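In: Provided below for reference: sequence and predicted model.
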Amino acid sequence: MRLLPHPSTENIQLTEVLRALSDPVRLEIVTRLAAAGEMTCTVAGDDLGVHKSTASHHYRTLREAGVVLTKQEGRLKYMSLRRGDLESRFPGLLDAVLTAALPVPAGAHA
């Protein structure tokens, strides 16, 4: 299995993480990864409503920001969240973002 280029933990920048997470499609990918653990890029991109090339751009943005880890095995690429790295750099950030991304239950007041 081959790892694609990623920033080292100490080089993950808050501004880049927040920029990557600010896009609704990328935030959806991150919430899917949080629920599933590890996914192929194909599965992560199902029903996103974007073209394959656009999904690839989103995956690359998340990887280069240090949000996800991408491994290639043959023709498949597997993604997972860099939860430990993000927690060590920015404690509580990922959990706060994931909590905020949850849908508001019907009848709940904001």
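Out: Yep, that arrived.
In: dump the residue contacts of the residue positioned nearest the centre of the chain.
Out: Nearest residue to the geometric centre of the chain (C-alpha atoms, centre = their mean): residue 30, 3.5 Å. The contact partners of residue 30, taken as C-beta atoms under 8 Å, 6 or more residues apart in numbering, are 21, 62, 67, 68, 81, 97, 98, 101. From N, CA and C alone the C-beta is placed, and that goes for glycine too.
In: Kindly report the same for residue 83.
Out: Contacts here follow C-beta under 8 Å, 6+ apart; on that basis residue 83 touches residue 94.
In: Name the nearest residue to residue 43, sequence neighbours excluded.
Out: Using C-beta to C-beta, 6 or more residues apart in numbering and skipping residues adjacent in sequence, the residue nearest residue 43 is residue 36, 7.9 Å away.
In: Adjacent strands (with direction) for the helix or strand of the chain with the lowest mean pLDDT?
Out: Lowest by mean pLDDT, DSSP states H and E among the helices and strands of the chain is strand 2-3, with a mean of 76. Strand pairing for strand 2-3, using DSSP bridges, gives strand 68-73 (antiparallel).
In: Contacts for the helix or strand following the strand it pairs with, please.
Out: Next along the chain after strand 68-73, taking DSSP states H and E as the criterion, comes strand 76-81. If you take C-beta under 8 Å, 6+ apart as the criterion, strand 76-81 is touched by 4, 29-30, 33-34, 37-42, 44, 59, 62-63, 67-72, 94.
In: Just the ones of those in helices?
Out: Mapping the contacts of strand 76-81 onto helices (DSSP state H) picks out 29, 30, 33, 34, 41, 42, 44, 59, 62, 63, 94.
In: The third one: what's it in contact with?
Out: To tie it back to what came earlier, the one meant is residue 33. The contact partners of residue 33, taken as C-beta under 8 Å, 6+ apart, are 39, 44, 68, 79, 80, 81.
In: Are any of those buried, and if so which?
Out: 39, 44, 68, 79, 81 (16 or more other C-beta atoms under 10 Å).
In: All set, thanks.
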